[in-house]
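# turn this into a structure:
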Amino acid sequence: MPPLLSKDKGKAKVDIPADLTEEERAALIAAAEARQRSFERSFAGPSVGKAGLIRDQTEINKVIAEASKGSKYYQNQVRKDKELTEKIEWYQAKRDDLMKMANIPRLESEADRILLEVEATRDTSQVIVHVDMDAFYASVEVQRDPTLKGKAFGVGQGVLTTASYEARKFGCRSGMAGFIAKKLCPHIILTKMHFDLYIAASKAVREVLLQYDENLMMASLDEGYLNITPYMSSHNMTASETVAHIRADVEAKTQLTMSAGIAPNRMLAKICSDKNKPNGQYEMNFERSVITKFMRDLPVRKIPGFGRVTERCLEGLGVETCGDIYTHRAQLLVMGHWFGFRGLCKAYLGIADNNVAPGKREERKSVGVERTFRDKVDDEDILNEVASIAEELEKDLERLQYAGKTVTVKYKLHTFENKTRARSVGKYISTSKEILPIALELMKRELPVRIRLLGIRLSTLKDLTVTDKGIKGFLTSPSKKRGTSISRHSTPTAIDDDDDMPELIRMEEEDEAEVLDMTFDEDKSESDSSTPPPTSILGKRKSSEKDKPHLLGPVCPICNKALGPGTSNLGLNEHIDWCLNKDAITEASKKSPIKKAKIEKGVPAKKTKEKGTMLEWLKKK
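Next up is the predicted model:
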């Protein structure tokens, strides 16, 4: 083996064989620098690309990475980055293997046929608006304390829930630790949070929006979707005029500004609402040619729901912009099992759902309260926090009119490991007096611990606003009353119609859940009680009978799987342990990624052969 020359280039250490040519060395260094930049981007969090970030994002990422070095969070990011890199390498090898035996012209022809099918679903008959309040928490704080106006400040002292636009210029954002924000902006002011004020302001905004669309779909406290087509028709107004009226009306009633995007569907409307922030609006031309041209050069990360994992994996296949989806359509088609080809087609074409309707009560599957804080180690302090959270949860349950049967205690260790313990009871409960003893019992078993997050969630819900009628109401499966909820940051856009959920979606959801749990969501209340929006960006998995929870059995709060009426609390917790530690178990078993997907679904790995239809077709010349 030739000797190695160690070179530190851009803080990416590269071991270069001494016998390489200058071109080969340059290529090695460039690859190492690209990997380092990609790793540093993982620290950008869910707010990457937010409006107001005028400081170079690469520089920001480097500062955050440097400030995080030595922390448990940094170590966790290193682990995740390593696992994702290995996964991407597997995807690349799988792609190369499949493309060797593929008839590329035939693949491209089939991809074009699917694109035509997707194109046939385009609907530009409705005018959809996405409205987004400008730095919502920060704006409400300025109303509370006018001396903050024009200053760089963040809301939240341990972790920022949002930052003023003056602070964003330096790279400060939601989900960022306070000490890192001070590294980026030494003069930043950190204020306490006042959730009662944010909820009241959100309610006032909602009352205004309902005047323009009674089917308003709120996605969180500070953003929502409207279909203004009927309003435009009845008032003989253009879309631009209507949205200008909406924004002026909201500002007049609340003294808060909002930005808006106008487009033929929700995905495009959300993208457009970020074009002229703050306090502006942007209208998408509804012509197909204009939409496809707009999407062609759009980075895939700009698509709502395309997060860090999706971006990295698609980059590994040469896809950086939506236009690249068409260029690489043959390889993306053969990788459709993992990436969901139809969903990518919809992203490329700018096609998504244009249905706007308020979330239904039966779609909620749980009500919970979580709190993030500096490390807690004192047992009494932790148990007092449990009691306080139980009281807050009772208020939410009373306000929302729900009761439930499964109490789940969730906590995060100082090492950023998530732990969840649950117990089901035989009757519906909703008060702190009923919830607290169960939560305390679950938490006491875990002591002593050092934690930075604690939460209680009640699931297996019953809607108290609906009266059960006779035996039929008693025997109705909760799954028929309750659907699954999705993170409020997921925007319903392209839907993959395949029965099997692409593996990439699962990976993205797991990564997003971990990121959002390690940080605060922007402008999100500690009490997770707003109506969640529908499906995820790339696709949804069709529900089946085995996914539906049984009335009498406990439901896993992690995978939402019904465990049967005979499952004990010990059995429930063992299953939860499996769900939480499945990645470690899978790594230890050293299975291929195909078998890993089966293990993670709780199905024992077994020998299977590739489906004849696709593989045989690919082999044809």
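# for whatever helix or strand Leu383 lives in, name the packing helices and strands.
Assigned by DSSP states H and E, Leu383 belongs to helix 379-400. Helix 379-400 is packed against strand 366-376, strand 402-413, helix 432-444, strand 451-463, strand 527-528, with contacts defined by 3 or more C-beta pairs under 8 Å, 6 or more residues apart in numbering; DSSP states H and E. Using the backbone N, CA and C atoms, a C-beta is placed for each residue, glycine as well.
# turn these into TSV, including distance to Arg288, mean neighbour count and mean pLDDT.
Listed next are these as TSV, based on distance: least, C-beta to C-beta, whole Å; neighbours: other C-beta atoms under 10 Å; pLDDT from 0 to 100:
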stretch	distance to Arg288	mean neighbour count	mean pLDDT
strand 366-376	41	17	87
strand 402-413	44	22	93
helix 432-444	53	18	95
strand 451-463	42	23	92
strand 527-528	39	20	34
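# among those, which is nearest Thr147?
With C-beta to C-beta as the criterion, Thr147 lies closest to strand 366-376 of the helices and strands packed on helix 379-400, at 26.5 Å.
# for that closest one, output the C-alpha coordinates as PDB.
Only the C-alpha atoms of strand 366-376 are listed here, as PDB (Å, rounded to 0.1, in the frame of the first residue of the first chain):
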ATOM      1  CA  SER A 366     -53.100  11.700  20.900                       C
ATOM      2  CA  VAL A 367     -52.900  14.800  23.100                       C
ATOM      3  CA  GLY A 368     -49.600  15.600  24.800                       C
ATOM      4  CA  VAL A 369     -47.400  18.100  26.600                       C
ATOM      5  CA  GLU A 370     -43.600  18.200  26.300                       C
ATOM      6  CA  ARG A 371     -41.100  20.500  27.900                       C
ATOM      7  CA  THR A 372     -37.500  21.000  27.100                       C
ATOM      8  CA  PHE A 373     -35.100  22.400  29.700                       C
ATOM      9  CA  ARG A 374     -31.500  22.400  30.900                       C
ATOM     10  CA  ASP A 375     -30.400  19.000  32.300                       C
ATOM     11  CA  LYS A 376     -32.400  17.800  35.300                       C
END
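# okay if I get the helices and strands packed on helix 379-400 as CSV plus distance to Arg329?
Conversion of the helices and strands packed on helix 379-400 to CSV gives the following (distance: least, C-beta to C-beta, whole Å):
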stretch, distance to Arg329
strand 366-376, 39
strand 402-413, 41
helix 432-444, 50
strand 451-463, 41
strand 527-528, 39
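# so Pro278 sits right up against Asp134, yeah?
Yes: in terms of C-beta atoms under 8 Å, Pro278 counts as a neighbour of Asp134; the distance is 3.9 Å.
# and the two? Which one has more around it.
Neighbour comparison, Pro278 and Asp134: the larger count goes to Asp134, with 18 against 15 (by other C-beta atoms under 10 Å).
# circling back to that earlier point, out of the helices and strands packed on helix 379-400, the one nearest Pro358 is which?
Closest approach to Pro358 among the helices and strands packed on helix 379-400 is made by strand 451-463 (15.0 Å; C-beta to C-beta).
# do a quick rundown of the strands in the stretch 151-300 of the chain.
For the stretch 151-300 of the chain, applying DSSP state E, counting those that start in this stretch gives strands covering 153-155, 162-163, 189-191, 217-220, 223-227, 258-263, 281-283.
# in the stretch 51-200 of the chain, where is pLDDT below threshold?
Counting by pLDDT under 70, the stretch 51-200 of the chain shows low-confidence ranges at 51-58, 67, 71, 73.
# can you pull out the helices in it?
Taking DSSP state H, counting those that start in this stretch, the helices of the stretch 51-200 of the chain run over residues 57-68, 72-100, 104-119, 136-144, 165-168, 178-184, 195-209.
# one step back: among the helices and strands packed on helix 379-400, which is nearest Gln75?
Across these, Gln75 has its closest neighbour in strand 402-413 (12.6 Å, C-beta to C-beta).
# pLDDT on the helix or strand following the closest one, on average?
Note on strand 402-413: by DSSP H and E, the next helix or strand toward the C-terminus is strand 418-429. Strand 418-429 shows a mean pLDDT of 91 in the predicted model.
# same check, this time on stretch 287-303
So the average pLDDT for stretch 287-303 ends up being 94.
# quick one: contacts of it?
Defining contact as C-beta atoms under 8 Å, 6 or more residues apart in numbering, one finds that stretch 287-303 is touched by 48-49, 122, 124, 264, 267-268, 271, 284-285, 306-307, 310-311, 314, 319-325, 347-350, 493, 537.
# so how far is Glu251 from the residue lying closest to Asn279 once chain neighbours are set aside?
With C-beta to C-beta, 6 or more residues apart in numbering as the criterion, Asn279 has its nearest non-adjacent residue at 4.1 Å, and that residue is Thr257. In this view, Thr257 and Glu251 are 6 Å apart by C-beta to C-beta, to the nearest Å.
# of those two, who's got more company?
More neighbours surround Thr257 than the other of Thr257 and Glu251, with 18 against 14 (other C-beta under 10 Å).
# how about the contacts made by that one?
With C-beta under 8 Å, 6+ apart, Thr257 has these contacts: 133-134, 139, 247, 250-251, 278-279.
# what's the closest of those residues to Lys427?
Distance to Lys427, by C-beta to C-beta, is smallest for Met133 among these, at 40.6 Å.
# for the nearest residue to the closest one once chain neighbours are set aside, grab phi and psi.
Excluding its sequence neighbours, the residue lying closest to Met133 (C-beta to C-beta, 6+ apart) is Asp222, at 4.0 Å. Phi and psi for Asp222, reported as degrees, to the nearest 10, are phi -120, psi 10.
# in terms of pLDDT, where does Asp222 sit?
Predicted confidence (pLDDT) for Asp222: 92.
# repeat for Val208
Here the pLDDT value assigned to Val208 is 96.
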